[in-house]
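Participant: Structure, please.
(one chain, ligands or ions: 4)
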Amino acid sequence: MTPTGPTLAPAPGPHHGPGTGANAAPGFPGIFDPWQVHARDSAFIRARDGYLTTIRHDPDPPEYFAASDFHPGAYDRWLDHIWPAAGCTHPIRLGGQIHRIDPATGEILTTTPTSAMPDGVIYKACGNRRTSACPSCAETYRRDAFQLLRAGLVGGKGIPGHVSGHPAVFATFTAPSFGPVHTRPVRAHACASKAHCTCKPEPCHARRDTDTCPHGRKLACFTRHRRDDPRLGQPICPDCYDYAAAVVWNNSTGELWRRTKQAIERRLNQLARHRGLAYGVRVSHGKAAEYQVRGAVHFHVLLRLDGLDELDPARLLLPPPGITVADLEDATRHAAVTISYPTPPHPASPPGWLIAWGTELDVRVITMRGTGTVTDLMVASYLAKYSTKGTEVTGHTSARLTPATIELHADATGTHAERLIHACWKLGAHPDYRSLQRWAHMLGFGGHFLTKGRHYSVTFAALCAARITYRRTQDPGPEHGPIRVADHADEETTLILGHLTYAGTGWKTTGDALLASTAADQARKRHQAGNEELTGQYDTTTGRQAA
Ligand SMILES: [Zn+2]
Ligand SMILES: [Zn+2]
Ligand SMILES: [Zn+2]
Ligand SMILES: [Zn+2]
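Facilitator: Ligands and ions are numbered 1, 2, ... in the order given. All right, here's what the predicted structure looks like:
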């Protein structure tokens, strides 16, 4: 028996974490408060149905009784059933029938209605990429992203090991200025981690000779901003800030990146020809987008140099020895400062907007083994971390906006985020700029948060398949519908098909959410991969700073 509180002992035995982040992760208040879990709304009380046991509500705080005190094995059975979604904040509930089918004859061997299972449904994890939406599913995504990015640097998962000998750099491309914003400049960091910087900053915009802007504001700020100052990233004069250019830039970054990468490859291939090398090169990349507080996107990009076999472009080849990592670094810097292009004409800016990178550029050589400044592990974990974030840092999060909801989020004279969204909606009324309306909830950015070149590494789908295989060997019980339903791997001798319909979202009760979460959290703690926790080290070595 566990005496008190949320650390009940579910003893999930051999389970390894499904998503691994608990849905009760710290920093996400409002999901539920364990102390609010009452007996009458818990899975345990539904034990009267025969498959679980109970929580006693009094004394206060509630006291939890181990499952085995009442119905031996019942708790384990429930946990087994919900396990594929255990850490998920908003699992999808599916009801219907699950058939086991003989693949040779197509004959249905057995049919199990979900109504015969615990809770009458099967649970499928929501699969959301964003930590703010589902910590557990985002953690699964982050791990997949890490594996994918790492494989592209060191090989493995079907990628040849010689990629670790390819020159590679890690670059951060930023947005240009759209008007002065409050910042926290630090000359030389002495802190352990930039993410929790404690250094004394310089004044924000210390300019004594500045004229006032047309709106009567002095474009100066002598404040040494604290890290948590809500003014950081906000324009010093919102009326001067070029919101149109800011959102059009976010919206144009896909094309800007395409041109940049092309320019890098072109320059390196010119070099290769000039040096009389036997064959040319190709750049493979993995790229993560990150919102700055001011609402502009910037990109962390890993660029790996490959040799190019013109006759067999799919082949992953070592680059010719005459091209070095210094050439790759130089070509990257060169492209970042030279590439620009105009967007189509718009009534608000008849010549269009000129799209180019900002002047802040960081390019570092990636070393494969631990001693360099930036290692493969740091880079992979850094990119993977950003792949689970969205617009949260800008203070705005919403689903796709529609004419019915735009009023709630857009305001020409409102907050910084409201003005950005307003600009998206207004400019997006033009037929050539429709995607600004489509991506208004992303402040104009319509790209993926994690992208990779075709040849860079394995795919998410491949990693997902690997995980399904793993799970199948881990829990052979008959009722794991959510994962098995759509899963017909070759080695499977029995197909499992589901005729399932949507039965709802979320856990049935806060009690269930707590139980599932706690079990997943414990599994995660037993199973933690320490290697992936290196992003802090990267922050330390680069001195980069948010905002
Ligand atoms: Zn989820
Ligand atoms: Zn300031
Ligand atoms: Zn610092
Ligand atoms: Zn102004």
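
Participant: Name the residue of the stretch 151-300 of the chain that lies nearest to ligand 1.
Facilitator: residue 288 (20.5 Å; Cβ to the ion). Where you see a C-beta, it was placed from the backbone N, CA and C, and this is true even at glycine.

Participant: Helices along this protein, start to end?
Facilitator: Counting by DSSP state H, the chain has helices at residues 74-82, 135-154, 243-274, 325-338, 376-386, 406-409, 416-427, 434-438, 460-474, 481-484, 510-526, 535-542.

Participant: Just put these in JSON lines and tack on mean neighbour count, distance to residue 115 and mean pLDDT.
Facilitator: Below are the helices of the chain laid out as JSON lines (neighbours: other Cβ atoms under 10 Å; distance: least, Cβ to Cβ, whole Å; pLDDT from 0 to 100):
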{"stretch": "helix 74-82", "mean neighbour count": "22", "distance to residue 115": "13", "mean pLDDT": "77"}
{"stretch": "helix 135-154", "mean neighbour count": "24", "distance to residue 115": "27", "mean pLDDT": "83"}
{"stretch": "helix 243-274", "mean neighbour count": "20", "distance to residue 115": "47", "mean pLDDT": "96"}
{"stretch": "helix 325-338", "mean neighbour count": "18", "distance to residue 115": "59", "mean pLDDT": "96"}
{"stretch": "helix 376-386", "mean neighbour count": "25", "distance to residue 115": "40", "mean pLDDT": "78"}
{"stretch": "helix 406-409", "mean neighbour count": "14", "distance to residue 115": "40", "mean pLDDT": "90"}
{"stretch": "helix 416-427", "mean neighbour count": "24", "distance to residue 115": "45", "mean pLDDT": "96"}
{"stretch": "helix 434-438", "mean neighbour count": "18", "distance to residue 115": "41", "mean pLDDT": "94"}
{"stretch": "helix 460-474", "mean neighbour count": "15", "distance to residue 115": "24", "mean pLDDT": "54"}
{"stretch": "helix 481-484", "mean neighbour count": "24", "distance to residue 115": "12", "mean pLDDT": "29"}
{"stretch": "helix 510-526", "mean neighbour count": "23", "distance to residue 115": "17", "mean pLDDT": "75"}
{"stretch": "helix 535-542", "mean neighbour count": "18", "distance to residue 115": "46", "mean pLDDT": "44"}
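
Participant: So for ligand 2, which of these sits nearest?
Facilitator: helix 416-427 (13.5 Å).

Participant: Show me which residues of the stretch 151-300 of the chain are close to ligand 4?
Facilitator: 213, 215, 237, 239, 240 (Cβ under 5 Å from the ion).

Participant: and the third one, how many neighbours?
Facilitator: Think residue 237. Per other Cβ atoms under 10 Å, the neighbour tally for residue 237 reads 17.

Participant: Tell me who's in contact with it.
Facilitator: 179, 180, 213, 215, 217, 219 (Cβ atoms under 8 Å, 6 or more residues apart in numbering).

Participant: Could you report the distance from residue 321 to residue 313?
Facilitator: 21 Å (Cβ to Cβ, to the nearest Å).

Participant: re earlier: now a PyMOL select for only the buried ones of the contacts of residue 237.
Facilitator: The PyMOL selection below is limited to those of these classed as buried (16 or more other Cβ atoms under 10 Å):
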select buried, resi 179+180+219
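
Participant: which of the contacts of residue 237 sit farthest apart?
Facilitator: By the measure Cβ to Cβ, 180 and 215 form the most distant pair in the contacts of residue 237, at 13.0 Å.

Participant: Where does pLDDT dip in the stretch 1-150 of the chain?
Facilitator: 1-74, 103 (pLDDT under 70).

Participant: go again using 80 as the cut-off
Facilitator: Within the stretch 1-150 of the chain, the ranges that satisfy pLDDT under 80 run 1-78, 83-84, 86, 98-108, 118-119, 127-129.

Participant: now swap in the stretch 151-300 of the chain and tell me
Facilitator: Judged by pLDDT under 80, the stretches of the stretch 151-300 of the chain that qualify are 157, 192-196, 207-211.

Participant: Tell me how many other residues crowd residue 503.
Facilitator: 16.

Participant: got it, and residue 160?
Facilitator: 12.

Participant: which residue packs closest to it, ignoring adjacent ones?
Facilitator: Spatial nearest neighbour of residue 160, excluding adjacent residues (Cβ to Cβ, 6 or more residues apart in numbering): residue 316 at 5.8 Å.

Participant: what does residue 388 give?
Facilitator: Excluding its sequence neighbours, the residue lying closest to residue 388 (Cβ to Cβ, 6+ apart) is residue 138, at 4.2 Å.

Participant: returning to that earlier point: and the residues of the stretch 151-300 of the chain next to ligand 4, which two are the farthest apart?
Facilitator: Greatest spatial distance among those (Cβ to Cβ): 213 and 239, at 7.6 Å.

Participant: Could you tell me which residues of the stretch 401-547 of the chain lie near ligand 3?
Facilitator: By Cβ under 5 Å from the ion, no part of the stretch 401-547 of the chain sits against ligand 3.

Participant: tell me the contacts of residue 247?
Facilitator: Listed by Cβ under 8 Å, 6+ apart, the contact partners of residue 247 are 420, 423, 424, 427, 436, 443, 444.

Participant: what's the second one in contact with, if anything?
Facilitator: When contacts are counted by Cβ under 8 Å, 6+ apart, residue 423 touches 243, 244, 246, 247, 436, 444.

Participant: from memory residue 114 sits against residue 93, does it?
Facilitator: No: Residue 114 lies out of contact with residue 93 (Cβ atoms under 8 Å); the separation is 9.1 Å.

Participant: was I right about residue 374 contacting residue 362?
Facilitator: No: the criterion here is Cβ under 8 Å, and residue 374 misses it with residue 362 at 10.1 Å.

Participant: which of the two has more neighbours?
Facilitator: Set side by side, residue 374 and residue 362 show more neighbours around residue 374, with 20 against 14, by other Cβ under 10 Å.

Participant: re the thing from before, closest to residue 202 out of the helices of the chain?
Facilitator: Residue 202 lies closest, by Cβ to Cβ, to one member of the helices of the chain: helix 535-542, at 18.7 Å.

Participant: and residue 246, what does it touch?
Facilitator: Counting by Cβ under 8 Å, 6+ apart, residue 246 has contacts 175, 178, 294, 295, 296, 420, 423, 443, 444.

Participant: let's see 10 Å
Facilitator: The contact partners of residue 246, by Cβ atoms under 10 Å, 6 or more residues apart in numbering, come to 175-179, 235, 294-296, 353, 416, 419-420, 423-424, 443-444.

Participant: Likewise for residue 422?
Facilitator: Counted by Cβ under 10 Å, 6+ apart, residue 422 has contacts 243, 247, 406, 409, 410, 411, 412, 413, 414, 440.

Participant: And the fifth one, how far from residue 397?
Facilitator: Taking Cβ to Cβ as the measure, residue 410 falls 15 Å from residue 397.

Participant: try the second one
Facilitator: Taking Cβ to Cβ as the measure, residue 247 and residue 397 are separated by 17 Å.

Participant: One more: the fourth one?
Facilitator: Counting by Cβ to Cβ, the gap between residue 409 and residue 397 amounts to 10 Å.

Participant: intersection of neighbour lists for those two?
Facilitator: With Cβ under 10 Å, 6+ apart as the test, residue 409 and residue 397 both reach 417, 441.

Participant: So for residue 410 and residue 397, which sits in the more crowded spot?
Facilitator: Using other Cβ under 10 Å as the criterion, residue 410 and residue 397 rank with residue 410 on top: 20 against 15.

Participant: so what's the backbone phi/psi at the more buried one?
Facilitator: The phi/psi pair for residue 410 (degrees, to the nearest 10) reads phi -110, psi 140.
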